[in-house]
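Asker: need the 3D shape of this:
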Amino acid sequence: MNKSPLYSILFIALLAVFFGGAVSGVEQYTREKVEQGRVAAQRSRVLEALGIKAPESPQALAELWGARVSEKSGPSGEYYSASDVEGALKGYAFPFTAPGFWGPVRGVVAVAPDGNTLLGLSIISHQETPGLGGRISEKWFTEQFRGKRIDSSKSAPLSFVYREPVAANEVEAVTGATQTSSRFAGFINPFLADLSKRGVFAGGDAK
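Answerer: Residues are numbered from 1 along each chain as shown. Alright, predicted model coming up:
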């Protein structure tokens, strides 16, 4: 016996609802996973800049973050306050978005409680050319910032050079990526000098 057209229409409609709901559910699940991954990656970079080893386990990372990092906001925008294993203030981490040659360079710079010493710098994301400007995210480059002093009396606290650094304030730039290096230096120097000059660390906390 032939099924009525109404039956076929209802059947197709039910299938559409079912598969539409399934696709929507998968999309929502995927979106949440992507967001969780993005947050975890950013937190790892913040901890890296602060000199705190980030656990590989998402759960351990979340627990460490909750125990030792506080999210704050002030005139300089959103930032993070971190403590050491004994609960004493370790330093502050400030997110930044610098201009690159091909697009924005997102990262975070961490500063000691005195406001004059860099704890570290890490790159969260960039659009620079792999093997050239993209090398700004490599350890050899970012580790150079750890322990550098911020002299607020200078408009350029750090000097980017295309050779092995000699002076205490020198950072080796990326050879073959002059545009990326110069744009990054042109941003990070005023950014660091501004933090120090504003006295954002007065009173035991960033203002």
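Asker: show me where the protein has its strands.
Answerer: Counting by DSSP state E, the chain has strands at residues 69-74, 77-83, 89-99, 104-111, 118-125, 159-161, 170-172.
Asker: can you list the buried residues in the second one?
Answerer: Going by neighbour count (16 or more other Cβ atoms under 10 Å), the buried part of strand 77-83 is 79, 80, 81, 82, 83. All C-beta atoms are positioned from the backbone trio N, CA, C, and that covers glycine.
Asker: same deal with the first one?
Answerer: Residues of strand 69-74 classed as buried under the neighbour-count rule (16+ other Cβ under 10 Å) are residue 69.
Asker: still on that earlier bit, could the strands of the chain go into TSV alongside mean pLDDT and distance to residue 182?
Answerer: Formatted as TSV, the strands of the chain follow (pLDDT from 0 to 100; distance: least, Cβ to Cβ, whole Å):
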stretch	mean pLDDT	distance to residue 182
strand 69-74	89	29
strand 77-83	91	24
strand 89-99	95	10
strand 104-111	96	13
strand 118-125	96	17
strand 159-161	93	8
strand 170-172	94	12
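Asker: now tabulate those strands in CSV and tack on distance to residue 37.
Answerer: Rendered in CSV, the data for these read as follows (distance: least, Cβ to Cβ, whole Å):
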stretch, distance to residue 37
strand 69-74, 18
strand 77-83, 19
strand 89-99, 18
strand 104-111, 15
strand 118-125, 12
strand 159-161, 32
strand 170-172, 30
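Asker: residue ranges with poor pLDDT in this structure?
Answerer: For the chain, the stretches flagged by pLDDT under 70 are 1-4, 24-29, 76, 196-207.
Asker: and the angle from the lengthiest helix in the chain to strand 89-99?
Answerer: Longest helix of the chain, by residue count under DSSP state H: helix 5-50. Following axes from the mean of the first three to the mean of the last three Cα atoms, to 10 degrees, one obtains 120 degrees for the angle between helix 5-50 and strand 89-99.
Asker: having no further points to raise, I will conclude here.
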